[in-house]
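Student: got a sequence here, can you build the structure:
(chains A and B)
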Amino acid sequence: KNQVEQSPQSLIILEGKNCTLQCNYTVSPFSNLRWYKQDTGRGPVSLTIMTFSENTKSNGRYTATLDADTKQSSLHITASQLSDSASYICVVRAGGATNKLIFGTGTLLAVQP
Amino acid sequence: DGGITQSPKYLFRKEGQNVTLSCEQNLNHDAMYWYRQDPGQGLRLIYYSQIVNDFQKGDIAEGYSVSREKKESFPLTVTSAQKNPTAFYLCASSPRLAGTAYEQYFGPGTRLTVT
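Tutor: Numbering: from 1, shown residues only, chains lettered A, B, ... in the order given. Okay, here's the model as predicted:
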């Protein structure tokens, strides 16, 4: 069964600290993996998208990694800001005939001053 | 939120009434999608459309209907047949439907509450 699991479910950190969010997937065949940021009550906004051959991609203070062998991805946030408080969603696109997006349930991050 | 607008932001309806959620995009994208988001669950696909006058059921289409008469518009009707309609509804679009690295752009969402 195609699944995307994220951990932790929620996380509280102090402003200025770093954090890492995890994503494990069992999607096959794999096409690409995306990380989205969703502010409360808003639509998701794309942070990064990685294909099979990419193992690191950065977007400002956000760095995503992908290990296609172990089917794991992580999103590292550096020097967190209050505006980073949001839900972070890992999404895997299944390739081939399936060709659909499989969404994780998200990690809710709260950055406190 | 890109060039996708959803209206209204909040919608309240009584049980048994049909309600239509609006989604408009000015990105000239061919493909459009409707998702439902519930607490503790990942987004679930309701319907999608690859091109005008064509649409396909997603994973949870029962109790919903859509139309795609114009490229820029993809309204979703939540019918009285939908057993648990209260949710956050998200519309999205992408240049093409194909499973490449095409980005999906999401609208701001509509929170529907049915009592």
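
Student: B:Thr20: what's it in contact with?
Tutor: Applying Cβ atoms under 8 Å, 6 or more residues apart in numbering or on different chains, one finds that B:Thr20 lies in contact with B:Pro75, B:Leu76, B:Thr77, B:Val78. Every residue, glycine included, has its C-beta placed from N, CA and C.

Student: next one: A:Leu14
Tutor: Applying Cβ under 8 Å, 6+ apart, the residues near A:Leu14 are A:Ser80, A:Val111, A:Gln112, A:Pro113.

Student: so in terms of bridging, what pairs with the second one?
Tutor: In this structure, A:Val111 has beta-bridge partners A:Ile13, where bridges are defined by DSSP bridges.

Student: pLDDT score for it?
Tutor: For A:Val111, the model assigns a pLDDT of 98.

Student: wait, it sits on A:Ala86?
Tutor: No - counting by Cβ atoms under 8 Å, A:Val111 does not reach A:Ala86; the two are 9.1 Å apart.

Student: which residues are contacting stretch B:5-16?
Tutor: The contact list for stretch B:5-16, computed with Cβ under 8 Å, 6+ apart, reads A:43, B:19, B:21-25, B:80, B:85, B:89-91, B:107-115.

Student: for PyMOL, what selects the buried ones among these?
Tutor: In PyMOL, the members of these classed as buried (16 or more other Cβ atoms under 10 Å in any protein chain shown) are selected with the following command:
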select buried, (chain A and resi 43) or (chain B and resi 19+21+23+24+25+85+89+90+91+107+108+109+110+112+114)
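
Student: the strands in chain B, which residues?
Tutor: Defined through DSSP state E, the strands belonging to chain B, from first to last, are B:4-7, B:10-13, B:19-25, B:31-37, B:44-51, B:54-57, B:64-66, B:76-78, B:87-94, B:105-106, B:110-114.

Student: closest one to A:Lys1 among these?
Tutor: For the strands of chain B, distance to A:Lys1 was read as Cβ to Cβ. The smallest value, 14.7 Å, belongs to strand B:44-51.

Student: now do the contacts for the residue most central in space within chain B.
Tutor: Compute the mean C-alpha point of chain B, and by Cα atoms, centre = their mean the closest residue is B:Trp34, 2.5 Å away. Shown here is B:Trp34, whose contacts under the criterion Cβ under 8 Å, 6+ apart are B:23, B:45-48, B:58, B:64, B:66, B:74, B:76, B:89-92.

Student: tell me which two of those sit farthest apart.
Tutor: Largest pairwise distance in the contacts of B:Trp34, by Cβ to Cβ, is 15.3 Å, between B:Tyr64 and B:Ala92.

Student: does stretch B:84-93 come close to chain A?
Tutor: Yes - Stretch B:84-93 lies within reach of chain A by Cβ under 8 Å from any Cβ of the partner chain, at B:Phe88, B:Leu90, B:Ala92.

Student: of those, closest to chain A?
Tutor: Among those, B:Leu90 lies closest to chain A (Cβ to the nearest Cβ), at 5.5 Å.

Student: so, low pLDDT: which residues of the chain?
Tutor: Since no chain was named, I'll use chain A. A:97-99 (pLDDT under 70).

Student: sorry, should have said chain B
Tutor: Under the criterion pLDDT under 70, the flagged ranges of chain B are B:1-2, B:97-101.

Student: interface residues of chain A facing chain B?
Tutor: By Cβ under 8 Å from any Cβ, the part of chain A that sits against chain B consists of A:4, A:31-32, A:36, A:41-46, A:49, A:51, A:89, A:93-96, A:99-106.
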